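Chemist: Next comes the sequence, and after it the predicted model I'd like to discuss.
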Amino acid sequence: MELRLADIAGLLAKGGHIPLLGLSPFPGRDLWLDRVLTENPTFSRFEFDPPPFFEEWAWRRRNLALARTFWVPKLRHAGIGLAHIFYAWTFEGGTRLWLCHKAGIPSVLSIHNAFPNVQLTPWHERLTRESFVSIRGLYAVSQSALDHFISIYGAYLRDKTATQVIPNAVDVSRFIPSPDIRHQTRFELSIPQNAKVIGSIGRIDEQKEPFHVLKVFECLWRCRQDIFLLFCGQGPLEAMVRAEVASKPWGDRVRFLGFRKDVDRVFPALDVHLLLSRQEGFGTSTVEAMACGIPVVATNVPGTRDILSGCKAGRLVAYKDIEGAAVLVNVFLDSFEMQFATGQIARQIAVNHYSKEMWARRIERFYSEVSNLR
């Protein structure tokens, strides 16, 4: 999320605007923010961490009073002409949006997940009705994310609010098919060059269903022993997944790579990328795999289906269909011709629809439309 924020800030800076970055605290935020500000001297830091009265239920009345007393005057004096507020989850962003509204600052929203449908409480209804008056436009990273957001908040949006779908971007000049990288990465990981490699790239958490990935791998292991599995990422379930792998006879075929900045060197080493999430906002790893010419097998869930439905860059499988996923993966592993042809199509789709250049043009059009609304 913070990477997308920096990309948008950079695009706005090129247009002559002065971005203020007001990020909530997260592990490593200060180091990351210091680096971004050093690399982008036109950016400024804005400490904006109000007590949550929309996202959290406990102490909401006290938090609202404190936030209104302190943050509304501070926002008014900051000289902000437009606030871009990120919604990563159903209520996340509501506090900031309401405070900006009270400070007289118009806003745009970006929606980064397909939220589960919820019934707003009278408390949330009142705050939403007040703050949504100040929204000039919103965009979502997928049609599913937009549809889910509209199903919850659509009744509160003004008729003339600009709404668009702007998928996340991938650097297609960095994520590329490369036999040399494939060879080098496999060598570094002690994986035979002729082995079949399945990758699961992303956070090791409940949303990504890593234990489903292990079940698929076990199904494949029963009929072939030339396979390896890569987990690239970190997360709260990592220790449990490692323990499960250690108990299996095929445990020596699984590699845990942790967090890697050079994930563009991991994808080319794969034969198939496997994403069995219960939901996605967009599915960046899917497009990164596609850009590297790697076929994708993924669950038919919001976010991922927006990318793969109706195209030939991979295959969709029902959520929790372990055997079905294993069959689809095996089809690619058994046919180099199908794997290669699918990878070529995937690469072309990534270049044509998800490049940074395409994303930048869409963002610029969105802001141009928003700037004409009052």
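Modeler: Done, it's in.
Chemist: Hmm, Val141 and Gly281 touching each other?
Modeler: Yes: using C-beta atoms under 8 Å, Gly281 is in contact with Val141, at 5.4 Å. Bear in mind the C-beta positions are built from the backbone N, C-alpha and C, glycine included.
Chemist: Just the terminal-to-terminal distance for stretch 125-144.
Modeler: End-to-end distance of stretch 125-144 (C-alpha to C-alpha, to the nearest Å): 23 Å.
Chemist: what do you get for stretch 178-198?
Modeler: 17 Å.
Chemist: Quick check: mean pLDDT of it?
Modeler: Averaged across stretch 178-198, pLDDT comes to 97.
Chemist: Now do the helix or strand harbouring Gln348: everything it contacts.
Modeler: Per DSSP states H and E: Gln348 is located in helix 336-353. Identification of contacts with helix 336-353 by C-beta atoms under 8 Å, 6 or more residues apart in numbering yields 167, 170, 172, 175, 177, 271-272, 287, 289-296, 311-314, 331-333, 358.
Chemist: which parts of the following helix or strand past it are buried?
Modeler: Heading C-terminal from helix 336-353, the first helix or strand you meet, by DSSP H and E, is helix 356-371. Residues of helix 356-371 classed as buried: 356, 358-360, 362-363, 366-367, 370 (neighbour count, 16 or more other C-beta atoms under 10 Å).
Chemist: TSV please, covering the residues you listed and showing distance to Ala6 and pLDDT.
Modeler: Output for the buried residues of helix 356-371, formatted as TSV (distance: C-beta to C-beta, whole Å; pLDDT from 0 to 100):
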residue	distance to Ala6	pLDDT
Lys356	13	93
Met358	18	94
Trp359	13	93
Ala360	13	92
Arg362	17	94
Ile363	13	92
Phe366	17	93
Tyr367	16	90
Val370	20	87
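Chemist: which one of the residues you listed sits closest to Arg76?
Modeler: Closest approach to Arg76 among the buried residues of helix 356-371 (C-beta to C-beta): Val370, at 21.3 Å.
Chemist: residue contacts, the closest one?
Modeler: 82, 108, 136-137, 162 are the contacts of Val370 under C-beta under 8 Å, 6+ apart.
Chemist: And the furthest pair within these?
Modeler: Across these (C-beta to C-beta), the longest gap, 12.7 Å, separates Leu82 and Ala162.
Chemist: residue contacts, Pro106?
Modeler: 81-83, 100, 134-136.
Chemist: which residues in the stretch 151-300 of the chain form strands?
Modeler: 162-165, 196-201, 227-232, 254-258, 272-275, 296-299 (DSSP state E, counting those that start in this stretch).
Chemist: now for these, which one comes closest to Ala58?
Modeler: Closest to Ala58 of the strands of the stretch 151-300 of the chain is strand 162-165 (C-beta to C-beta; 32.8 Å).
Chemist: Point out the other helices and strands that that closest one packs with.
Modeler: Packing partners of strand 162-165 (3 or more C-beta pairs under 8 Å, 6 or more residues apart in numbering; DSSP states H and E): strand 135-140, helix 143-153, helix 356-371.
Chemist: Show me the one of these that comes nearest Leu120.
Modeler: helix 143-153 (7.3 Å).
Chemist: ok so, going back, of all the strands of the stretch 151-300 of the chain, which lies closest to His124?
Modeler: strand 162-165 (20.7 Å).
Chemist: how distant is that closest one from the center of its chain?
Modeler: 18 Å (C-alpha atoms, centre = their mean, to the nearest Å).
Chemist: Kindly report the same for stretch 10-22.
Modeler: Mean-position distance between stretch 10-22 and its chain equals 22 Å (C-alpha atoms, centre = their mean).
Chemist: who's in contact with it?
Modeler: Stretch 10-22 is contacted by residues 5-6, 8-9, 33, 36-37, 40, 42-48, 78, 80, 96, 360, 363-364, 367 when judged by C-beta under 8 Å, 6+ apart.
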